[in-house]
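A.B. asks: 3D model of this:
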Amino acid sequence: MKNQVLLSGVQPSGTLHIGNYLGAIKQWVELQKSHKEYLMIVDLHAITVPQEPRELNKKTLELAALLIACGIDPKKTTLFIQSHVPAHVELGWILNTLTPIGELERMTQFKEKQEKSGLLAGLLNYPVLQAADILLYQTDVVPVGEDQLQHLELARTLARKFNSRFGKTFKEPRALIYKEAARIMGLDDPTKKMSKSAPSSNNYIALLDPPDEIRRKIKTAVTDSGSELKYDTARKPAVSNLLDIYSAFSDTEVKKTEARYRDKGYADFKKDLAEVIISALSPIQKKFSLISKNETKLKKILKNGAKDASVIANKTLLEAKKKMGFIS
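C.D. replies: A predicted model of the protein is given here:
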């Protein structure tokens with residue numbers, strides 16, 4: 001429903017790949033037709049782990065251009081950079097005063113990232129800022145993977161807590177679970193999700209990978225024992241993952257693909273899979289090339305998005321501050 005508010009965000013770090021596209025971006029493109037969509041480039045979240053300044057700057061603009069190239073329409077979706085709307089940080093601080101440390105220490109992602117980055121306050125408080133992101137826009141639905149449900153539940157808890165203590169202010173957002181069919185696994189390890197921060201680029205197909213690189217990566221992608229092309233996630237996880245990718249990009253049922261390659265080996269299937277991906281990514285890459293050449297226009301889109309986002313964000317923040325007793 002168009003009057004329903006949807007919010008999502010993506011970090012300007014790592015490399016956007018086909019897993020991101022099929023699992024999230026493609027759905028955002030579709031959902032912008034039926035929802036009031038706010039889409040943030042969450043640069044403040046990105047710095048919870050060390051970032052090289054020039055790279056962060058470059059990746060932020062690259063990400064914006066890629067999202068538009070993939071079909072995000074700035075006329076339908078409010079596309080903006082998180083740090084361009086200061087209300088996020090201010091509400092984040094307010095919500096921090098309502099959040100028990102124990103709840104943050106129990107967050108699964110904090111435990112995982114702590115081992116890699118050490119114990120940093122920003123890493124611990126990341127979910128509180130994320131809650132502020134969501135609550136500022138009176139969000140109805142948040143598209144999430146199952147690994148983000150814990151964070152969304154914290155946002156719901158903090159909304160209830162604030163509303164109970166200071167009066168009705170925030171909506172409690174609902175989760176919109178990404179379709180499980182779009183869960184794309186790593187080409188080098190089919191037991192783990194494809195990751196834009198993977199140490200090896202052989203893990204993923206980047207949205208901007210050139211054709212020959214896509215062919216190389218698919219050719220060297222892990223396969224299972226035997227030669228039968230059969231969808232069986234338990235016994236043939238690698239082949240099943242490749243079939244999922246083929247199905248998603250060709251809009252073909254897995255069973256039809258199995259039948260088509262019944263008497264052929266993995267090599268023939270992989271060769272065709274690479275071409276299917278190349279064909280699907282070609283228009284995105286061409287559009288990205290055009291958009292990224294006009295940095296001034298791209299920055300204007302992001303500035304306008306932040307301006308629009310600030311209207312509702314500042315309204316929500318002001319209401320929250322008044323109810324807490326701050327002088328306006």
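A.B. asks: For the host helix or strand of residue 88, which outside residues touch it?
C.D. replies: Residue 88 belongs to helix 87-96 when assigned by DSSP states H and E. When contacts are defined by Cβ atoms under 8 Å, 6 or more residues apart in numbering, helix 87-96 is touched by residues 44, 82, 125, 128-129, 131-133, 135-136, 158, 162, 310, 313-314, 316-317, 320-321, 324. C-betas here are computed from N, CA, C, even on glycine.
A.B. asks: Give the buried residues for that helix.
C.D. replies: Residues of helix 87-96 classed as buried: 87-88, 90-92, 94-96 (neighbour count, 16 or more other Cβ atoms under 10 Å).
A.B. asks: okay, those residues in JSON lines with pLDDT next?
C.D. replies: Formatted as JSON lines, those follow (pLDDT from 0 to 100):
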{"residue": "87", "pLDDT": "98"}
{"residue": "88", "pLDDT": "98"}
{"residue": "90", "pLDDT": "98"}
{"residue": "91", "pLDDT": "98"}
{"residue": "92", "pLDDT": "97"}
{"residue": "94", "pLDDT": "97"}
{"residue": "95", "pLDDT": "97"}
{"residue": "96", "pLDDT": "96"}
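A.B. asks: which helix in the chain runs the most residues?
C.D. replies: helix 295-324 (DSSP state H).
A.B. asks: Mind giving me the packing neighbours of that helix?
C.D. replies: strand 36-41, helix 53-69, strand 77-81, helix 87-96, helix 149-166, helix 266-293 (3 or more Cβ pairs under 8 Å, 6 or more residues apart in numbering; DSSP states H and E).
A.B. asks: on that earlier part again, can you tell me which of the contacts of helix 87-96 are buried?
C.D. replies: Listed as buried from the contacts of helix 87-96 are 44, 82, 125, 128-129, 131-133, 135-136, 158, 162, 310, 313, 316-317, 320-321; burial here means 16+ other Cβ under 10 Å.
A.B. asks: Now the longest helix of the chain: buried residues?
C.D. replies: 298, 301-302, 305-306, 308-310, 312-313, 316-317, 319-321.
A.B. asks: which other residues reach stretch 292-307?
C.D. replies: In contact with stretch 292-307 (Cβ under 8 Å, 6+ apart) are residues 41, 61-62, 64-65, 68, 74, 78-81, 84-85, 291.
A.B. asks: rerun at 10 Å
C.D. replies: 38-41, 60-62, 64-66, 68-69, 74-75, 77-86, 208, 291, 313 (Cβ atoms under 10 Å, 6 or more residues apart in numbering).
A.B. asks: Whichever of those end up buried, select them in PyMOL.
C.D. replies: Selection command for PyMOL covering only the buried members of these, criterion 16+ other Cβ under 10 Å:
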select buried, resi 38+39+40+41+60+61+62+64+65+66+68+69+74+77+78+79+80+81+82+83+84+85+208+291+313
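A.B. asks: follow-up on the earlier one: from the buried residues of helix 295-324, which single one is nearest residue 4?
C.D. replies: Among those, residue 312 lies closest to residue 4 (Cβ to Cβ), at 14.0 Å.
A.B. asks: From what I see, the closest one and residue 78 are in contact.
C.D. replies: Yes. Counting by Cβ atoms under 10 Å, residue 78 is a contact partner of residue 312 at 9.1 Å.
A.B. asks: residues contacting the residue lying closest to residue 166 once chain neighbours are set aside?
C.D. replies: Spatial nearest neighbour of residue 166, chain neighbours left out: residue 323 (4.1 Å); criterion: Cβ to Cβ, 6 or more residues apart in numbering. Residues near residue 323 by Cβ under 10 Å, 6+ apart: 162-163, 165-169.
A.B. asks: again, but for residue 191
C.D. replies: Per Cβ under 10 Å, 6+ apart, neighbours of residue 191: 185, 222, 237-238, 241.
A.B. asks: returning to what we had before: what's the following helix or strand after the helix holding residue 88?
C.D. replies: helix 101-105.
A.B. asks: and that next one, average pLDDT?
C.D. replies: Mean pLDDT, helix 101-105: 85.
A.B. asks: so residue 168 sits in a helix?
C.D. replies: No. For residue 168, which was evaluated using DSSP: H, G, I helix; E, B strand; the rest coil, the result is coil, with no helix membership.
A.B. asks: Just the local confidence number for it, please.
C.D. replies: 97.
A.B. asks: Surely it is in contact with residue 162?
C.D. replies: Yes. Residue 168 is within contact range of residue 162, at 9.3 Å (criterion: Cβ under 10 Å).
A.B. asks: hey, which helix or strand in the chain has the poorest pLDDT?
C.D. replies: One helix or strand of the chain scores below all others by mean pLDDT, DSSP states H and E: helix 108-117, with a mean of 64.
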